[in-house]
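1. Mind looking at a prediction? Sequence and model below.
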Amino acid sequence: MEKIPVIAVVGPTASGKTALAVELAKKFNGQIVSADSMQIYKGMNIATAKPTEEEKCGIKHFLIDFLPTDVRFSVADYVSAAQKCISEINGNGYLPIVAGGTGLYVDSLLQNISFCPQKTDDNIRKRISDEYDSLGGENLLLRLKEIDPETALRLHPSDKSRIVRALSLFYSTGTTMTQQYANSRLSESPYETLYIGINYHNREILYSRINARVDTMLQNGLLNEAKEYFDLSSDTTASQAIGYKELSPYFKGEKSLEECTESLKRETRRYAKRQLTWFRRNENINWIYPDDYENTDDMVKNAFLIAENFLRRYADE
RNA sequence: GGCGACAUAGCCAAGUGGUAAGGCGUGGGUCUGCAAAACCCUGAUCCCCAGUUCAAGUCUGGGUGUCGCCU
C-alpha cells in the first residue's frame, strides 16, 4: 500500500510552530491537523494560544476547538480522530501537516501505535489507585513484578500513574504492559513523515518569548478566561492546562497576581523544556533554529527547501 | 564618627569544633488511554588573611562588605 506523505511541525511551546505550519500549508497546498492536547477544547483560547482566524490565514485546521472542557480525552482518542483527518485531507488532494507540541500525540499518530482495544475499567483503576495510597509504591511494584517483571523493573516506586496503569491494564484486560507494547507496533505506519522541529540554540531566546507571550495573554484577557476554568474538576484532561491552575491562588486571594504570573511563566518554561526532551530523542527530526537566521523569511525559505526535497523524493518513489 | 548584627551553591537557608541538611530555581532524563500531566537524576568546601587545635563553616585577632541603630 502506498504511504501518505505527511509533514510534521514540532517543537516547544512559543517556538513558532503555528506560523511555520501555516506557511508550509500555503506553499504546498496543505491542511493542518493539530497535535495539541489542550487546543482541542472549546473556550480555552487565550491560555492555549489557539490560532485565531487571522493566524490561520484561511488554512483549514482540524482537531482544534471541538470538545467541551468536561469531556476527557486521551492519546487513543486523538490517534483515531487524527487518522480520519489525515485520510480526509489526503483524499481531498491536500497535503496533511501535523503541527503541535504534544509529543505523545504526534509520535503515537505518526508511528501508528495501536492501543489496547479494550478500555481499562474505571472501578478497577480507582481500587488500585487507593491501594497504592495505602500500601505504597514498593508493594504494588512487587505485585506488578509477578505479572510483568519487565515493566516492574523500569518503573520507579513513586511513579504512581504508571504503576496503577500497568496493573489496571492487566486486571481489566488480561494484557500486560509489555505485551501491549509489542502489540502496539505490529502494523507499519501508513504515513511517510517529514519531521521539522523548531528549537533555539540559545534557550534564553525561547524563554523570553515565553515570558513575553504570557504578558500578552494577560493583556488579552487571560484573567477573564481563567475565571471560567480555574475550578475545573481535577479529573478532566482540560484541568491540566497551564494557564488556569497557576492563576487559581490569585483568585482565591492566597497569592498576588505578580507571584502567580511568575509561576505561570516558570511552568510554561518547564513545559517547553520537557517538550524538547521528548522531541530530541527522535532522530528523524530536521531541526531548524530561528536564531540561525537573520529573519523569519529566511528560516521559512529553508523549511520550504527541506519540504521540497522530501516531496520530490516521495514523488520519485 | 560610634554601637550592634550578619557574611554558607543562582536565590532562600540549616549547621556553634570532627570533616557541608533541606527548599526553590537551573540543567539532564523517563514517557504506549488524564501527557500543558506524572515521575527520576542534578551542584559548594562555607567573604579574605593570620592564629588556636590532632581536627574550624563552627573558636580568637585583623581586614573587607552588607544591614540596622545612634550622634
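-> That came in fine, so what should we check first? These numbers come from a predicted model, not from an experiment. Numbers count the residues shown, from 1 in each chain, chains lettered A, B, ... in the order given.
2. Walk me through the regions of chain A where pLDDT falls short of the threshold, as ranges.
-> A:1, A:317 (pLDDT under 70).
3. What parts of the stretch 201-317 of chain A come near RNA strand B?
-> Applying CB under 7 Å from any atom of the strand, one finds that the stretch 201-317 of chain A approaches RNA strand B through A:203, A:235-237, A:240-243, A:266-267, A:269-271, A:273-278, A:280-281. Every residue, glycine included, has its C-beta placed from N, CA and C.
4. Following element in sequence after the helix or strand encompassing A:Thr277, please.
-> Element membership for A:Thr277 (DSSP states H and E) is helix A:257-280. Under the assignment DSSP H and E, the closest C-terminal helix or strand after helix A:257-280 is strand A:285-288.
5. what packs against that following strand?
-> Counting by 3 or more CB pairs under 8 Å, 6 or more residues apart in numbering; DSSP states H and E, the packing neighbours recorded for strand A:285-288 are strand A:191-198, helix A:296-316.
6. Pick the most buried one from those.
-> Neighbour counts (mean count of other CB atoms under 10 Å) averaged over each of the helices and strands packed on strand A:285-288 peak at strand A:191-198, with a mean of 21.
7. circling back: other residues contacting the helix holding A:Thr277?
-> A:10-15, A:101, A:103-104, A:197, A:199, A:206-207, A:210-211, A:213-215, A:218, A:242-243, A:246-250, A:285 (CB atoms under 8 Å, 6 or more residues apart in numbering).
8. Distance to A:Ser114 added to the helices and strands packed on strand A:285-288, as TSV?
-> Putting those into TSV (distance: least, CB to CB, whole Å) gives the following:
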stretch	distance to A:Ser114
strand A:191-198	14
helix A:296-316	25
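9. looking at these, which is closest to A:Lys84?
-> With CB to CB, the closest approach to A:Lys84 among those belongs to strand A:191-198: 13.5 Å.
10. what lines up beside the closest one in the sheet?
-> Applying DSSP bridges to the sheet, strand A:191-198 is found paired with strand A:4-10 (parallel), strand A:285-288 (parallel).
11. Mind listing what's buried along the shortest one?
-> This points to strand A:285-288. By 16 or more other CB atoms under 10 Å, the buried positions in strand A:285-288 come out as A:285, A:288.
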